[in-house]
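> Provide a 3D model corresponding to the input given below.
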Amino acid sequence: MAKGLKVRKSKEKKAISASGESLAQQSSIQNRKWSRGFLIVVASIYIINKFYIPVAPVQVKTAFNTWLSLTSMGEIMVFILMALGLNIVVGYAGLLDLGYVAFWALGGYVAGWLMSGFFDQVTVHVGGNPAKGLPNGIHLNVFIVLIAGGIFTAIWGVIIGAPTLRLKSDYLALVTLGFGEIIPQFMVNGENIGGFNMTNGSKGINPVDNIKFFGFEFGPFALADKFLLYSALAGMMIFLSLRLRDGRLGRAWLAIREDELAASMMGVPLMRTKLASYAVGATAGGVGGVAFATLIGGVYAERFNFAISIIILSMVVLGGMGNVWGVMVGATLLAWINNTGLVQIGKIFNAATGMNVDFPSFNFLIFGVLLVLMMLFRREGFIPEARVRLIMHEEEFADVSNVTDDIKLEGHHHHESH
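Residues are numbered from 1 along each chain as shown. Okay, here's the model as predicted:
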């Protein structure tokens, strides 16, 4: 009997191991499919806009510029990058951050300081591309600035996180909200700090240098090349998110998200692990800030308001917290709706009804209704993570399990009666 019990336990262990391997294989296959899909979409948009749109009929060109303009596509890639950064903080580590716009602002101003003629007291050129008539200032190559923006915001992520990450849940959310308000306000009022102009206040810093790479200038007429750069940054963040999630650090983040006390009892260093998530998320926000500054050609303090933090958080929640591909889908949909969709749908609606409704002015109402509907009918998001789906539908799975047990029990009793 003891031998039979050992054999049974051995079979169960093998079954569990096989099940784990099967899930890992399924996840790997899914990641490859999504990765190929992302590359195909990016390549298609680039090729169409680079080679077909310039020679396309006027109607086709107008349709693309109206519904799928390169500026909006580039902005979508920047939002994917930042949403994935916030997903590491919120989706992986389970830390509610309501001030993510602060890192976006810091990254944007790094671009303004290091890629413009703003500090005209000095003249520094390192692979930069100064605008005509603005030879003075600091003009660094965009890739140097991207790295500098990521490092600068990572440092600020640690500085902000060190005193605040000891707090939990609502208290942490309130403190991050405070930092998210302080830093943009500093940018608005930083025109005169002890007689020194740090941010140029509400006037902002413009123009930011056009991107120059291998002697080619990615100016206003090379938006397709800019789009390719932003897509590469988003792709790198996708790769980093997937690798981190499957690594030791990612598993530590997930353990903290599930049960912080249990994670600490198992030897996970809470503060160090939380700070790592904050630093990685801040780095993505800083790189996104630099990219956005080069996209719109300037840095403007009024763009860094609290609403941006809520929009990016909505992308993570609606897409599927913890799921890289879900967050990417959520960021794509919300960014497109906010930038292009509401305007164009509003025009169609007004033309059909003869009314004059300003749809973009109702964007927060629409987002609010969408959030309420999602929380009522699909709390886990568009493409949920497996763990989150199990937690959200725990009662349903329990009911199914109970029904299965009842069926087995009835079958057992039936067998005994015979």
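
> what about the strands in the stretch 201-350 of the chain?
Remark: strands assigned in the stretch 201-350 of the chain by DSSP state E, counting those that start in this stretch are 211-213, 216-218.

> Could you pull out the buried residues of the first one?
Neighbour-count burial for strand 211-213, with 16 or more other C-beta atoms under 10 Å as criterion, is recorded at 211-212. Heads up, the C-betas are built off the backbone N, CA and C, glycines and all.

> for it, packing partners?
helix 142-164, strand 216-218, helix 223-246 (3 or more C-beta pairs under 8 Å, 6 or more residues apart in numbering; DSSP states H and E).

> quick revisit: out of the strands of the stretch 201-350 of the chain, which gets the lowest mean score?
Comparing these by mean pLDDT, the weakest confidence falls on strand 216-218, with a mean of 65.

> how's the chain carved up into domains?
The chain breaks down into these domains under automatic domain parsing: 33-306, 386-418.

> So for residue 366, which of the ones you listed sits nearest?
Residue 366 sits nearest to domain 33-306 of all those, at 16.9 Å, using C-beta to C-beta.

> And residue 188, how close does it get to residue 30?
In this structure, residue 188 and residue 30 are 44 Å apart, going by C-beta to C-beta, to the nearest Å.

> make that residue 93, sorry
Applying C-beta to C-beta to residue 93 and residue 30 gives a distance of 23 Å.

> What distance do you get for residue 86 to residue 296?
Distance check for residue 86 against residue 296: by C-beta to C-beta, it reads 21 Å.

> Give the rounded mean pLDDT of whichever helix or strand residue 40 is part of.
Take DSSP states H and E as the rule and residue 40 turns out to sit in helix 2-47. Mean pLDDT, computed over helix 2-47, is 71.

> One more: stretch 363-380?
Across stretch 363-380, the per-residue pLDDT values average to 84.

> Over to stretch 286-303?
Across stretch 286-303, the per-residue pLDDT values average to 93.

> now that stretch, how far from the chain's geometric center?
Its chain's average C-alpha position is 16 Å from that of stretch 286-303, according to C-alpha atoms, centre = their mean, to the nearest Å.

> How about it, which residues are buried there?
For stretch 286-303, using 16+ other C-beta under 10 Å, the buried residues are 286-296, 298-301, 303.

> cool, and stretch 186-194?
For stretch 186-194, burial by neighbour count (16+ other C-beta under 10 Å) applies to 186-188, 190.

> ditto for stretch 69-88
Under the neighbour-count criterion of 16+ other C-beta under 10 Å, stretch 69-88 has 70-88 buried.

> distance between the ends of stretch 81-99?
Across stretch 81-99, the straight-line distance between its terminal residues is 16 Å, by C-alpha to C-alpha, to the nearest Å.

> all helices in the stretch 201-350 of the chain, in order from the N-terminus.
Ranges of helices within the stretch 201-350 of the chain are 223-246, 248-258, 260-265, 270-296, 306-319, 324-336, 342-353, based on DSSP state H, counting those that start in this stretch.

> Would you mind giving both backbone torsions of residue 192?
Note on residue 192: backbone dihedrals following degrees, to the nearest 10 are phi -140, psi 90.

> so how far is residue 199 from it?
As defined by C-beta to C-beta, residue 192 lies at a distance of 10 Å from residue 199.

> ditto for residue 337
Separation of residue 337 from residue 199 (C-beta to C-beta) stands at 31 Å.

> out of these two, which sits in the more crowded spot?
Between residue 337 and residue 199, residue 199 has the larger neighbour count (other C-beta atoms under 10 Å), namely 23 against 18.

> Am I right that that one is in a helix?
No. Assigned with DSSP: H, G, I helix; E, B strand; the rest coil, residue 199 falls outside any helix and is coil.

> what comes up buried for stretch 254-270?
Neighbour-count burial for stretch 254-270 flags 254-257, 260, 263, 268, 270 (criterion: 16+ other C-beta under 10 Å).

> Centre of the chain to it, how far?
Using C-alpha atoms, centre = their mean, the offset of stretch 254-270 from its chain centre is 24 Å.

> cool, stretch 366-384 as well?
Relative to the chain's own centre, stretch 366-384 is displaced by 18 Å; criterion: C-alpha atoms, centre = their mean.
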